[in-house]
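> here is a sequence with its predicted model. Questions after.
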Amino acid sequence: QHLLSSYLATNAAAPSHTEKPCLPQWSRNDLVAALNGNQFEPYFQPKIDLDTGMPTCVEILARWHHPDLGILPPSQFIELMEQHKVIDQLTGCLLVQSLSCAKQCAAKGKDIGFAINVSPVTLQDSRTPSRIGALVRECGLCSEQITIEVTETASSKNFTSVLESLTRLRMQGFEISIDDFGMGYSSLQLLSQMPFTELKIDRSFVTDVCSRAKSAAILESVIHLAEKLNLRIVAEGIETTDELQFIRSLGVGTGQGFLLGRPMGQKNLIHYLEDEFSLEGVFQMDGIPPR
Ligand code: C2E
Ligand code: MG
Ligand code: MG
Ligand code: MG
């Protein structure tokens with residue numbers, strides 16, 4: 001932990017021409033060794049039905065248990081893994097662990113959907129749909145339970161191959177979600193061509209939405225658009241009860257955010273699902289009327 005903070009401090013002080021902080025420069029070998037050493041673990045963050053307060057699905061988020069640095073978030077390694085072409089292995093290893101967790105949940109009578117973030121780099125590979133399909137079948141789960149989350153990609157060079165993979169995944173029954181909607185460059189074109197079933201509006205439009213008229217206007221239009229296109233809409237990054245109340249009043253069906261549930265490890269997920277908890281309490285406690 002100390003090493004990491006001093007490392008980050010060093011990087012922060014370094015001159016940079018981009019807004020992004022410098023990434024730690026792990027080599028391909030470091031990353032492969034970490035993958036082989038099972039240092040990656042899925043965390044799970046619930047998506048909550050805003051009518052019932054119940055979780056409908058959990059999103060798989062990668063965590064690296066670094067032997068020296070502690071638990072590292074995806075911002076520290078995803079981009080590097082894409083560059084070194086080891087991101088497919090990460091997705092595979094997270095899926096295997098998550099699907100076994102899904103089986104455990106189902107055995108306890110807690111059937112819940114799982115959503116996995118899949119990099120455009122992985123989706124460019126024409127082998128991806130059959131690989132993911134085979135993994136899910138091997139685990140005895142059905143593809144209808146799994147959502148593929150993909151972020152908008154500015155690269156039109158790979159548009160066709162990504163489109164082909166997503167279409168084949170959709171044909172196998174997977175749900176397809178456009179993640180961080182509004183942050184990319186060609187969102188509207190993507191919406192008209194990709195086989196999406198869900199739209200996740202980026203956290204930046206949700207933060208302080210109650211006091212930012214422009215965010216609220218954008219949110220309302222996106223909700224309208226999603227309804228017209230028959231897409232389920234998810235608002236991500238809900239942190240306050242004011243935001244929750246506002247989002248619900250706009251008619252958004254599903255929410256995600258620290259207020260509704262933080263990312264958690266497998267053990268905590270199972271406890272969480274077994275607790276039969278409901279957010280109705282949260283809604284009432286904060287004076288938020290049921291819809
Ligand atoms: P994302 O898919 O948009 O996931 C949501 C991110 O926002 C997660 O960060 C989550 O912890 C965080 N978050 C959720 N609710 C709140 C909130 O209320 N407030 C704030 N401030 N943050 C919230 P995380 O886990 O650090 O992941 C960051 C991004 O890394 C993800 O964004 C996703 O794009 C990417 N990622 C994570 N796991 C994977 C993976 O296995 N494969 C790929 N390709 N990308 C991944
Ligand atoms: Mg996501
Ligand atoms: Mg997102
Ligand atoms: Mg995001």
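On my side now, so go ahead. Ligands and ions are numbered 1, 2, ... in the order given.
> need the residues of the stretch 51-200 of the chain near ligand 1, please.
Residues of the stretch 51-200 of the chain lying near ligand 1 by Cβ under 6 Å from any ligand atom: 61-62, 73-75, 78, 87, 90-91, 94, 117, 119, 149, 151, 179-180. No exception for glycine: its C-beta is placed from N, CA and C like everyone else's.
> now, which of those lie within helices?
Among these, the members found in helices (DSSP state H) are 78, 87, 90, 91, 94.
> can you put these in TSV and add pLDDT and distance to residue 36?
Below are these laid out as TSV (pLDDT from 0 to 100; distance: Cβ to Cβ, whole Å):
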residue	pLDDT	distance to residue 36
78	95	18
87	97	15
90	98	12
91	97	15
94	98	15
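> now do the contacts for residue 59.
Residues in contact with residue 59 (Cβ atoms under 8 Å, 6 or more residues apart in numbering) are 44, 45, 46, 47, 114, 115, 116, 117, 149, 256, 263.
> residue 42 now?
Residue 42 touches 60, 61, 62, 63, 94, 97, 98, 101, 266, counting by Cβ under 8 Å, 6+ apart.
> which of these sits closest to residue 197?
residue 60 (17.5 Å; Cβ to Cβ).
> what's across from that closest one in the sheet?
When bridges are called by DSSP bridges, residue 60 pairs up with residue 44, residue 116.
> just the C-alphas of stretch 127-143, formatted as PDB.
C-alpha atoms of stretch 127-143 as PDB (Å, rounded to 0.1, in the frame of the first residue of the first chain):
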ATOM      1  CA  ARG A 127     -13.200 -16.600 -32.200                       C
ATOM      2  CA  THR A 128     -14.600 -14.700 -29.200                       C
ATOM      3  CA  PRO A 129     -18.400 -15.400 -29.600                       C
ATOM      4  CA  SER A 130     -17.900 -19.200 -29.800                       C
ATOM      5  CA  ARG A 131     -15.300 -19.100 -27.000                       C
ATOM      6  CA  ILE A 132     -17.600 -17.300 -24.600                       C
ATOM      7  CA  GLY A 133     -20.600 -19.400 -25.700                       C
ATOM      8  CA  ALA A 134     -18.600 -22.600 -25.000                       C
ATOM      9  CA  LEU A 135     -17.500 -21.400 -21.600                       C
ATOM     10  CA  VAL A 136     -21.000 -20.600 -20.500                       C
ATOM     11  CA  ARG A 137     -22.400 -23.900 -21.800                       C
ATOM     12  CA  GLU A 138     -19.600 -25.900 -20.100                       C
ATOM     13  CA  CYS A 139     -20.700 -24.300 -16.900                       C
ATOM     14  CA  GLY A 140     -24.300 -25.400 -17.500                       C
ATOM     15  CA  LEU A 141     -25.500 -21.800 -17.500                       C
ATOM     16  CA  CYS A 142     -27.700 -20.200 -20.200                       C
ATOM     17  CA  SER A 143     -26.500 -17.300 -22.300                       C
END
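> ok now it, how far from the chain's centre?
Here stretch 127-143 is found 19 Å from its chain centre; the criterion is Cα atoms, centre = their mean, to the nearest Å.
> what count of nearby residues applies to residue 152?
20 (other Cβ atoms under 10 Å).
> check contacts around it.
178, 179, 180, 181, 183, 184, 185, 186, 187, 190.
> ok, and which of those residues reach ligand 3?
179, 180 (Cβ under 5 Å from the ion).
> packing partners of the helix or strand where residue 160 lies?
Residue 160 is part of helix 159-171 when elements are defined by DSSP states H and E. Applying 3 or more Cβ pairs under 8 Å, 6 or more residues apart in numbering; DSSP states H and E, we find helix 159-171 packed against helix 120-123, helix 128-138, strand 146-151, strand 175-181.
> that concludes my questions; thank you for your assistance.
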